[in-house]
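> let's see this in three dimensions:
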Amino acid sequence: MQLIRNIDELKRLPRGGALAMGNFDGVHRGHARIIERLNHWADRVDGPSIVFTFEPHPVRLLRPELAPPPLTWTERKAELLGALNVDVMIAWPTDRQLLQLSYSRFFQDVIQERIGAAAIVEGPNFYFGHNRHGDVGKLAELCAESNIAFEVVEPESLSGEWISSTRIRNSISDGDTQAACEMLTQPYRIRGMVVHGAGRGTGLGFPTANLDAIDTLIPGNGIYCGIARLGNPKEVSSRVAAIHIGPSPTFGDDRPQVEVHILDFGESIYGQVIEVDFLNRLRGVERFDTTELLLKQMHADIEQARLIGTTWLAKQGR
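The predicted model follows:
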């Protein structure tokens, strides 16, 4: 997988590939269906499979107050697309000049001249150009005029509803990370820097990594089972974790927090950035009358997380 973030790098990109454009936030099963057809067309035209995304998403420039929190950061998105055998991901630097291009000028300047696509694959709800005036109908006309192969891929559904980034975002906000996992191609992941917290976890015998500077959607309040990923991209250690998101009502602390207890781990990782995959929500955040009752529940949570997490890692061959 080649990640292109500098427009000048497009000069070295082989022309005549297959192209899919969109946000691809989360890289869910609907996106995977598009990628499957994209790779098919890349083989037919004997060129690379290319995913074109905007960085940042246009709505963050045009209506920032309406911009939802993202599900993935750019490198994670490229990693997920690479796992689907995409050859190139373009994270196009978005500015107002680009957003002022008409759909026909965007097609000519970007798709034809910059990328030189020989085939295009899109979902039915794709829009492009100034004020989203371009749709798949207009894109089909432009492709036909330019002798570019074009295919519209129907959305993927689950339980009678289309899978979408919005639907996944709602599930995560509700704390239903298991439902989100069923729609995503890989478990939902966040990243954050480990900072000093109140120290209560250590005092209780369950030290936690308190995460700050999280740049994606934080799941709803609750206790979760997950996988903590430590180290660098070339050497990652995956460990089962129990995650607390929300306030600490037993201690009268209303501040929302993200605390990760990494099982069987005692190293200091302050100042490091770690990533956390969410598998299941174990329960909601509760207030306990005594510390003893809290500790009893924490032991039960950790054993449940251990069972779920080790089973999941074993299935992944880790």
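> show me where the stretch 201-318 of the chain has helices.
291-315 (DSSP state H, counting those that start in this stretch).
> the residue lying closest to D212 once chain neighbours are set aside: neighbour count?
In this structure, D212 finds its nearest non-sequential neighbour in V195, 4.6 Å apart by Cβ to Cβ, 6 or more residues apart in numbering. Any C-beta I mention is one placed from the backbone N, CA and C, and that applies to glycine too. Counted with other Cβ atoms under 10 Å, the neighbours of V195 add up to 12.
> ditto for D253
12.
> who touches the residue nearest to D212 in this structure?
Counting by Cβ atoms under 8 Å, 6 or more residues apart in numbering, V195 touches N210, L211, D212, Y270, G271.
> please pick the buried ones from those residues.
Buried by 16 or more other Cβ atoms under 10 Å: N210, L211, out of these.
> nearest to I172 among the contacts of V195?
L211 (15.7 Å; Cβ to Cβ).
> ok, that closest one touching V258?
Yes - the pair L211 / V258 is scored as a contact, 4.3 Å apart, by Cβ atoms under 8 Å.
> now for those two: what residues contact both?
With Cβ under 8 Å, 6+ apart, L211 and V258 have common neighbours I190, G192.
> which strand residues bridge the nearest residue to L313 once chain neighbours are set aside?
Excluding its sequence neighbours, the residue lying closest to L313 (Cβ to Cβ, 6+ apart) is S238, at 6.4 Å. Per DSSP bridges, the residues bridged to S238 are R229.
> next one: S238 from R229, what distance?
Taking Cβ to Cβ, to the nearest Å as the measure, S238 falls 6 Å from R229.
> quick revisit: tell me which of the contacts of V195 is nearest to N39?
Set against N39, the nearest of the contacts of V195 by Cβ to Cβ is L211 (35.4 Å).
> what sits against that closest one?
L211 neighbours (Cβ under 8 Å, 6+ apart): I190, G192, M193, V194, V195, V258, E259, V260, I274, V276.
> okay, and which of those map to strands?
Judged by DSSP state E, the subset of these located in strands is I190, G192, M193, V194, V195, V258, E259, V260, I274, V276.
> quick check on those: which are buried?
I190, G192, M193, V194, V258, E259, V260, I274, V276.
> is it true that the fourth one touches N210?
Right, the one you point to is V194. Yes - V194 lies in contact with N210 (Cβ under 8 Å); the separation is 6.7 Å.
> what's the pLDDT at G197?
Listed pLDDT for G197 reads 84.
> look up how far G203 lies from it.
11 Å.
> looking at these two, which one has more neighbours?
With neighbours defined as other Cβ under 10 Å, G197 and G203 compare such that G197 has more, 19 against 10.
> identify the residues contacting the nearest residue to that one once chain neighbours are set aside.
Excluding its sequence neighbours, the residue lying closest to G197 (Cβ to Cβ, 6+ apart) is N210, at 3.6 Å. Residues in contact with N210, defined by Cβ under 8 Å, 6+ apart, are V194, V195, H196, G197, Q257, V258, E259, V260.
> make JSON lines out of the residues you listed and add distance to L10.
Output for these, formatted as JSON lines (distance: Cβ to Cβ, whole Å):
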{"residue": "V194", "distance to L10": "37"}
{"residue": "V195", "distance to L10": "39"}
{"residue": "H196", "distance to L10": "44"}
{"residue": "G197", "distance to L10": "45"}
{"residue": "Q257", "distance to L10": "43"}
{"residue": "V258", "distance to L10": "38"}
{"residue": "E259", "distance to L10": "43"}
{"residue": "V260", "distance to L10": "39"}
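> next up, the contacts around V86.
V86 touches M1, I35, L38, N39, S49, I50, V51, counting by Cβ under 8 Å, 6+ apart.
> can you do 10 Å?
1-2, 18, 20, 24, 27, 35, 38-39, 42, 48-51, 78, 80 (Cβ atoms under 10 Å, 6 or more residues apart in numbering).
> can you check S164 too?
With Cβ under 10 Å, 6+ apart, S164 has these contacts: D25, G26, H28, G30, H31, G123, N125, P155, E156, N170, M183.
> same thing with L307?
Going by Cβ under 10 Å, 6+ apart, L307 touches C225, V240.
> how close does it sit to C225?
Where C225 is concerned, L307 sits at a distance of 9 Å (Cβ to Cβ).
> relative to Q257, how far out is V285?
10 Å.
> which SSE is E79 in?
helix 74-83 (DSSP states H and E).
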